[in-house]
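Student: coordinates only, sequence not included:
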């Protein structure tokens, strides 16, 4: 990691479990009683108390002796988290849409998925990713108190990838990005937990029993969605089938292979997962941003919010990294070990609201101002375009949700570089072109029709396609979720109506372009790595003058 973040200067309140406080007091009392019983000198009692407190309060790997004792026992006896809940669709009335609700240990869980709304380019440095779309944590904190309904906790789960798994371009793109927290694709879920036991009156007013509790949870979820929308953060309430599908995909259940837990990691069929907690004193924007800088298959960050005293918020966090091979992960500054609890940590990062895993995250109380200082992007930054005049990396979303039309007015080399990087981060590309010989080297070198292929004609449609390259052949129709990338071969050609992103290379040559996304235009210097030259060759031509 390039930056672990520094402990904040503001005074914060670290929360200590009540059990630890009681045990500490009992140990001191026991030391005094033993010394009195055996007639030992006062310094012996003091020594016993100090040693006992060191064993209880001292930390190894960021965890206490008590934690390691309990964790070791659970690991050796296989007493890890087992889901006991089921997911069903609930609606408060026939006029409202369905909401997926999950019961576990007497509590109700619902899930929202944040919609990707980022329009402007992202400016990325090793310890910061400037984006125009963030999860409003203060709004979520305020949503835990809703008139007569109280939410027990809210989790914000961010799951993202720097590159696409299984593509030959992955290594080259990782080297291009280097130590930057450039998360190309990111999905964010907001998990709400509702405890009927502390909302007895609210449940009774809505019919009582199971039905009344479900109505409370559904109403609270709808209120959270409206509050997020007011803060310009669009979201979707997930139904039962969607929650199940997302969790199954993350668990790789479709492959039919069970997970295998080791002391320091969790093996799935196609990845090795290592989770760590985040020391509460290091829950800062710099720390959370730096977690994404590792070259992994997948990174998942969970931030848990719970009500605290005097309007403050109790905040805890953990991270999980997935790699394609078993490799040691060095615990850096601000991280706490979760060895022996890797399976539990994996479930804590699923959008199912697993109950009973609070022990994984130590928490700290924050004010609203401190919450505002934690920036959780709502979507990925897209692909790396180049660097600005200050040397900062510039990335932009060129496909996916909310991006319908992209224009690249540049020499073919630049156009193909854009497409190559889109493939590297997971786009499924279909090339509609009347000059296939100019694309053949790149398409053949990638050699994967599931990543990039030629259209056989204007009427060709692949429902999986997420990026259609329009280069001289106009498709008659495209899938509804597909982005059209139009290649303009002359500076005099007309642009499509209302493009979301424009990449313009002045005069059709040189290493500088103008990137326009949303209402912002940035001058960008193109950057490349040697790995890309095998697919692109060299710059070919300029616009005809």
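Tutor: On my side now, so go ahead. Source: prediction; values computed, not measured.

Student: center of the chain - which residue?
Tutor: What sits nearest the mean C-alpha location of the chain, by CA atoms, centre = their mean, is residue 158, with 2.1 Å.

Student: Wasn't it part of a helix?
Tutor: No. Looking at residue 158 with DSSP: H, G, I helix; E, B strand; the rest coil, it is strand, so not inside a helix.

Student: Need the pLDDT of it.
Tutor: pLDDT recorded at residue 158 is 96.

Student: wait, doesn't it sit right on residue 376?
Tutor: Yes. Using CB atoms under 8 Å, residue 158 is in contact with residue 376, at 6.2 Å. C-beta coordinates here come from the backbone N, C-alpha and C atoms, glycine included.

Student: Need the residues touching each of the two.
Tutor: 188, 303 (CB atoms under 8 Å, 6 or more residues apart in numbering).

Student: and residue 115, what is it in contact with?
Tutor: 234, 235, 236, 378, 401, 402.

Student: Could you list everything the residue nearest to the centre of the chain pairs with in the sheet?
Tutor: Per DSSP bridges, the residues bridged to residue 158 are residue 188, residue 301.

Student: And it, how close does it get to residue 380?
Tutor: Residue 158 is 10 Å from residue 380, where distance means CB to CB, to the nearest Å.

Student: Okay, the residue nearest to the centre of the chain and residue 319: tell me how far apart.
Tutor: As judged by CB to CB, residue 158 and residue 319 stand 10 Å apart.

Student: Between those two, which contacts overlap?
Tutor: Common contact partners of residue 158 and residue 319 (CB under 8 Å, 6+ apart): 300, 301, 302.

Student: Tell me which residues are up against stretch 137-153.
Tutor: Taking CB under 8 Å, 6+ apart as the rule, stretch 137-153 contacts 107, 154, 156, 190, 192-195, 198-199, 201-202, 205, 216, 219-220, 223-224, 227-228, 230-231, 233, 303-307, 313, 368, 371-372, 374, 376.

Student: repeat for stretch 498-510
Tutor: 119, 385, 396-398, 402-411, 414, 418, 486, 491, 495, 512-518, 539, 541-543, 545.

Student: Distance-wise, check the residue nearest to the centre of the chain relative to residue 177.
Tutor: From residue 158 across to residue 177, the span is 18 Å (CB to CB).

Student: Tell me who's in contact with the closest residue to residue 123 other than its chain neighbours.
Tutor: With sequence-adjacent residues excluded and distances taken as CB to CB, 6 or more residues apart in numbering, residue 123 is closest to residue 130, at 4.2 Å. For residue 130, the contacting residues are 122, 123, 124, by CB under 8 Å, 6+ apart.

Student: Quick one: those as TSV, columns for neighbour count, distance to residue 469 and secondary structure too.
Tutor: Formatted as TSV, the contacts of residue 130 follow (neighbours: other CB atoms under 10 Å; distance: CB to CB, whole Å; DSSP: H, G, I helix; E, B strand; the rest coil):
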residue	neighbour count	distance to residue 469	secondary structure
122	26	23	strand
123	18	27	strand
124	25	25	strand
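
Student: Count the neighbours of the closest residue to residue 205 other than its chain neighbours for me.
Tutor: Leaving aside its sequence neighbours, residue 205 sits nearest to residue 148 (CB to CB, 6+ apart; 7.1 Å). Applying other CB atoms under 10 Å, we find 12 other residues in the vicinity of residue 148.

Student: Quick check: phi and psi on residue 148?
Tutor: Residue 148 adopts backbone torsions of phi -100, psi 10, taken as degrees, to the nearest 10.

Student: What's the per-residue pLDDT of it here?
Tutor: Listed pLDDT for residue 148 reads 91.

Student: Could you do the one 5 residues further on as well?
Tutor: pLDDT, the model's per-residue confidence, is 95 for residue 153.

Student: Let's test this: what are the backbone torsions at it?
Tutor: Main-chain dihedrals, residue 153, degrees, to the nearest 10: phi -160, psi 160.

Student: Show me how the chain divides into domains.
Tutor: Domains of the chain are assigned by automatic domain parsing as 13-77, 86-372, 383-536.

Student: now do the same end-to-end measure for the last one.
Tutor: Think domain 383-536. 17 Å (CA to CA, to the nearest Å).

Student: can you give me the helices in the stretch 351-500 of the chain?
Tutor: Counting by DSSP state H, counting those that start in this stretch, one finds helices in the stretch 351-500 of the chain at the ranges 368-372, 412-424, 440-446.

Student: So which elements touch the shortest one?
Tutor: Of the remaining helices and strands, those touching helix 368-372 by 3 or more CB pairs under 8 Å, 6 or more residues apart in numbering; DSSP states H and E are helix 137-142, strand 313-323.
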